[in-house]
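S.K.: just the structure for this:
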Amino acid sequence: MSIARDSAEGQAFIARFGGIFEHSQWVAEDALDDLAEGPLTAATVHAAMVRAFRAASPEKRLQVLRAHPDLAGRLAIAGGLTADSKAEQASAGLDRLTPDEHARFTTCNAIYTDKFGFPFIIAVRGKTKDDILAAFEARLDNTPDEEFATATAEVETIARLRLDALLAGPGLGSGPGSAPASGSGA
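M.R.: I've put the predicted structure just below:
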């Protein structure tokens, strides 16, 4: 199945899913070309978006990584996070750090970004601030290639969690702009 980007259905899809990959609407646009046959579900939309993301050049995927905010960083303090990022960081307690914890995150963010050229990315849902700091410090030992692969995998996980939260059900109805079908969440 392919949906034309400029069709009403394509525009509804892009409007609904364009923010799933942080500030990277192009992923949803490119996914339109590769939607699986059959009903649209969180799984099928995620699969198409991941294929589009993985098919992009390393430079374009790096842009997606760089679109993510620092954890507990300047944007969080200034209130400049996307609604998804704000909720995700709050779920891990990153909006309630002590001054010492904030200083530790700031130091880790600076070291990580200097080493890898993009911010530390981790799917924080279900993790504590201690879990995140432990992962932060462990991943600083990765090579640039290892960390690029790890960060892109985390972006894909974040996208799936965002899709699950957005849809809160197993189906999307009969088309990309349809309301979610009733049922339990993923």
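
S.K.: okay, the residue nearest to Thr157 when sequence neighbours are not counted and Cys108: tell me how far apart.
M.R.: Leaving out its chain neighbours, the residue that sits closest to Thr157 by CB to CB, 6 or more residues apart in numbering is Ala123, at 4.2 Å. No exception for glycine: its C-beta is placed from N, CA and C like everyone else's. With the distance defined as CB to CB, to the nearest Å, Ala123 ends up 17 Å from Cys108.

S.K.: residues near the residue nearest to Thr157, how many?
M.R.: 18 (other CB atoms under 10 Å).

S.K.: that one: what's it in contact with?
M.R.: 88, 154, 157-158, 161 (CB atoms under 8 Å, 6 or more residues apart in numbering).

S.K.: where along the chain do the helices fall?
M.R.: Residue ranges of the helices in the chain, as given by DSSP state H, are 8-17, 25-31, 42-55, 58-67, 74-78, 83-91, 99-116, 129-139, 144-167.

S.K.: let me have the ones you listed in a markdown table, adding mean pLDDT as columns.
M.R.: Converted to a markdown table, the helices of the chain look like this (pLDDT from 0 to 100):
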| stretch | mean pLDDT |
| --- | --- |
| helix 8-17 | 90 |
| helix 25-31 | 94 |
| helix 42-55 | 94 |
| helix 58-67 | 95 |
| helix 74-78 | 50 |
| helix 83-91 | 71 |
| helix 99-116 | 91 |
| helix 129-139 | 92 |
| helix 144-167 | 94 |
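
S.K.: rebuild those as a markdown table, extending it with mean neighbour count.
M.R.: Shown next, in a markdown table, are the helices of the chain (neighbours: other CB atoms under 10 Å):
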| stretch | mean neighbour count |
| --- | --- |
| helix 8-17 | 18 |
| helix 25-31 | 20 |
| helix 42-55 | 19 |
| helix 58-67 | 16 |
| helix 74-78 | 14 |
| helix 83-91 | 17 |
| helix 99-116 | 15 |
| helix 129-139 | 15 |
| helix 144-167 | 18 |
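
S.K.: residues touching Ala31, list them.
M.R.: Counting by CB under 8 Å, 6+ apart, Ala31 makes contact with 17, 45, 48-49, 51-52.

S.K.: closest to Glu29 out of those residues?
M.R.: Lowest distance from Glu29 to those (CB to CB) belongs to Ala52, with 8.1 Å.

S.K.: excluding covalently adjacent residues, which one is nearest to that closest one?
M.R.: Nearest in space to Ala52, with sequence neighbours left out and distances taken as CB to CB, 6+ apart, is Asp30 at 3.6 Å.
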